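Undergrad: return a 3D structure for these sequence lines:
(one chain, ligands or ions: 1)
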Amino acid sequence: MSNVLLDVQGLSRRFGGLKAVDGLSLQIRPREIVGLLGPNGSGKTTALNLISGVLAPDSGSVKINGHEFAGSPAYRITHHGVGRTFQLVRLFNTMTVRENVVAGMAFTNGRLFGREAARQADALLERVGLSGYAGKEAGQLAYMDQKKVELARALAGRPKVLLLDEWLAGLNPTELIDAIALVRSLKDEDISILMVEHVLEAVRSLCDHCVVMTAGAPISYGTPAHVLSDLEVVRAYLGDDHA
Ligand SMILES: Nc1ncnc2c1ncn2[C@@H]1O[C@H](COP(=O)(O)OP(=O)(O)OP(=O)(O)O)[C@@H](O)[C@H]1O
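TA: Coordinates of the predicted model:
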């Protein structure tokens, strides 16, 4: 379909004898939030790595706006509108928070420098709830604040599709409400999102569709209500006793 922003078909990757991702297909359209769910070790992070160019797939297709990018380096994929955060935050720890966000502008069209870059970085930091942190050293921030810096850095690349790897994990209930509102506001700005998430409250309230993986393979597709009530999904998460 023509309005598909991100079209993943038959994506697969082995590590030795292990099929970490095995025939994953999914599509994301403008203003959609798609959840990628599954138990630990089911291949979700590997899938994000394959889509974002951190790893090359053995087979399968990753199309962005109809153009093939499977196996392209991460910087090209970023340049073409796919940003991401990492499950384990990856910042330039000895640089300031602002410098980290400015670094995220390096691969955008019409890249920014100097004062204008700093101004936009500060606006993004305000957006993620980090006003007043711009001059601090990134490595000195609390972990949750580092996650926010990483989100601001990803947004600095002006993504059309944002890949979030457990960005909502570890938040307290109040922080979770704010974070869900923040993610929803990104959708309102025409950013589509693929989110790997274990926080089911967030999945229910944010996702338009979900894909559930187990042992690398997709086992269920549908709305959050559908996939979370799907027997196989309950088994994959909780074991046979709960199904
Ligand atoms: N670089 C690697 N080399 C070898 N095996 C790997 C590598 N990366 C991941 N794996 C394995 O691939 C499988 C899928 O891992 P992955 O991290 O993608 O799962 P996940 O669903 O994201 O798990 P979690 O929810 O715990 O983050 C696991 O068995 C993991 O040990």
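Undergrad: stretch 22-34: which residues count as buried?
TA: By 16 or more other Cβ atoms under 10 Å, the buried positions in stretch 22-34 come out as Asp22, Leu24, Leu26, Gln27, Ile28, Arg29, Glu32, Ile33, Val34. Glycine gets a C-beta too; all of them are placed from N, C-alpha and C.
Undergrad: just the terminal-to-terminal distance for it.
TA: One end of stretch 22-34 sits 19 Å from the other (Cα to Cα, to the nearest Å).
Undergrad: likewise stretch 159-175?
TA: So stretch 159-175: terminal residues 24 Å apart, Cα to Cα.
Undergrad: and it, what's its mean pLDDT?
TA: For stretch 159-175, mean pLDDT rounds to 91.
Undergrad: still on that earlier bit, restrict the buried residues of stretch 22-34 to those that also contact the ligand, please.
TA: The subset of the buried residues of stretch 22-34 within reach of the ligand, by Cβ under 6 Å from any ligand atom, is empty.
Undergrad: so of those, which ones are in strands?
TA: Mapping the buried residues of stretch 22-34 onto strands (DSSP state E) picks out Asp22, Leu24, Leu26, Gln27, Ile28, Ile33, Val34.
Undergrad: enumerate every residue touching the fourth one.
TA: Remark: with contacts taken as Cβ atoms under 8 Å, 6 or more residues apart in numbering, Gln27 is in contact with Met1, Val4, Leu6, Asp7, Val8.
Undergrad: do the fifth one as well
TA: Residues in contact with Ile28 (Cβ under 8 Å, 6+ apart) are Val4, Leu5, Leu6, Val34, Val161, Ser192, Ile193, Leu194.
Undergrad: out of those, who's the most crowded?
TA: Comparing the contacts of Ile28 by number of neighbours (other Cβ atoms under 10 Å), Leu194 comes first, having 27 neighbours.
Undergrad: the helix or strand where it lies vs the ligand: in contact?
TA: Assigned by DSSP states H and E, Leu194 belongs to strand 192-196. No - if you take Cβ under 6 Å from any ligand atom as the test, strand 192-196 misses the ligand, and the best it gets is 6.5 Å.
Undergrad: that strand pairs with which strands, parallel or anti?
TA: strand 33-37 (parallel), strand 161-165 (parallel) (DSSP bridges).
Undergrad: I'm done for today, thanks for sticking with me.
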